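Student: let me see the structure of the following:
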Amino acid sequence: MTAHQENDVQNQDAQRYCAQPPQAMRTLPPDLSLPRTRAILLNQSKWVNGTQLRYCFLDGADDGVAKAWLTEVHDGFQEWEDVGIGLRFRPEDDPAESEIRITFADDGSWSYVGTDCLGIGAAEATMNFGWDPTSPHGKATVRHEIGHAMGFCHEHQNPFAGIEWDEPKLLQFMGGPPNFWPPERTHHNIIRKLSTNQVTGSQHDPKSIMHYGFGPGLIRKPEALRNGIASPLKLSETDKQHVRLWYPPLAPQLDELKPFQSAVLDLGSGEQADYGIVPEKSQKYRFGTFGDADALMVLFEQVDGDNLRYVTSEDDSGEDRNGRVEVKLFKGRRYVLRVRMYSTYGSGNASVMYW
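Tutor: Here you go, the predicted structure:
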């Protein structure tokens, strides 16, 4: 292959786009206040910080997938973790024990968004890579899809970007090679604007790994983007800041929570409190939040050193109640309780306790 032919292949590769599956949206009471609604929707697909996300390959080397492809996906997870975040990614052989299940089965690349992965059957894929993940564009695609799996959406659909598309040209372009997208897929993945309830801040980052690249003539406004946007090939500095905002590094030690000991949740939207628990006797315990707050509680058991095994969770967001869950704990074992706040809306303090 000549250098000219190689450039043609790379250019064609860079025009292949992630086709994100429809995202599940929460149905909230119509009389819920706007601040509560926004906080819940903004947090809904994010994992509690400190979660150990396990990923497995539904097809691998034995199915003809190149070892270098598998290695590149491993490297992509490691690069995100090395940014210095609280999430951990662990390879897993058993699909039933994995939150993220990866295939190379079709010619598209896509991933479900954040905790939407939990609603997909244990034998089904939550992520797919449809082209060589070792090419420059393929490496970027790996990091893009992992960004989705962490709960992040497409940056070019950010409502604050102010993009006005030349829709006839865009639909024609996306309907041809190499994507062959029908109009509804182009609308879902490009034209559709995200709600302001789904994005943090008011800045558009065209260098984000969550952005598509576009050639000239597809964007009418703003003027600065009419000549196109280069395909981002690496995590931007804003990507790194943003992921650390949602998943900051974990504290080296956790405060210990005792039975009947109430801990005040002095948290803003998206912030989290973490507690260590070592039961003095084996029995059923109740966990609950108190006060006017929308919160997600997740309980893990610490096994094999730093590994955490999910035990149970409770999400009371958007409801006129506090979260309650009952579970048996065992004497001498160590557990970790993580509480992520969606919103507080009353005059009193929110708190958490187990008894």
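
Student: so which helix or strand takes in residue 174?
Tutor: For residue 174, the host element (DSSP states H and E) is helix 167-175.

Student: what average pLDDT does that helix get?
Tutor: Taken as a whole, helix 167-175 has a mean pLDDT of 97.

Student: same deal with stretch 40-54?
Tutor: Confidence for stretch 40-54, expressed as mean pLDDT, is 94.

Student: that older thread, quick one: distance of the helix holding residue 174 to the chain centre.
Tutor: Its chain's C-alpha centre and that of helix 167-175 lie 29 Å apart, by Cα atoms, centre = their mean, to the nearest Å.

Student: helices and strands around that helix, which ones?
Tutor: helix 183-186 (3 or more Cβ pairs under 8 Å, 6 or more residues apart in numbering; DSSP states H and E). C-beta here means a position set from N, CA and C on the backbone, and glycine is covered the same way.

Student: mind listing what's buried along the helix it packs on?
Tutor: 185, 186 (16 or more other Cβ atoms under 10 Å).

Student: off-centre distance for it?
Tutor: Chain-centre distance of helix 183-186: 23 Å, with Cα atoms, centre = their mean.

Student: next SSE downstream of the helix or strand containing residue 70?
Tutor: Here residue 70, judged by DSSP H and E, is contained in helix 67-82. Using DSSP H and E, the helix or strand that follows helix 67-82 towards the C-terminus is strand 88-91.

Student: mind giving me the packing neighbours of the helix holding residue 70?
Tutor: strand 52-57, strand 88-91, helix 136-149.

Student: those into CSV, with extra columns for mean neighbour count?
Tutor: Shown next, in CSV, are the helices and strands packed on helix 67-82 (neighbours: other Cβ atoms under 10 Å):
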stretch, mean neighbour count
strand 52-57, 20
strand 88-91, 17
helix 136-149, 23
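
Student: circling back: got a list of contacts for the helix holding residue 70?
Tutor: For helix 67-82, contacts defined as Cβ atoms under 8 Å, 6 or more residues apart in numbering pick out 55, 57, 60-61, 87-89, 91, 102, 104, 129, 132-134, 138-139, 142-143, 146-147, 150, 235, 243.

Student: for this structure, what helix or strand is lowest in average pLDDT?
Tutor: helix 3-14 (a mean of 45; mean pLDDT, DSSP states H and E).
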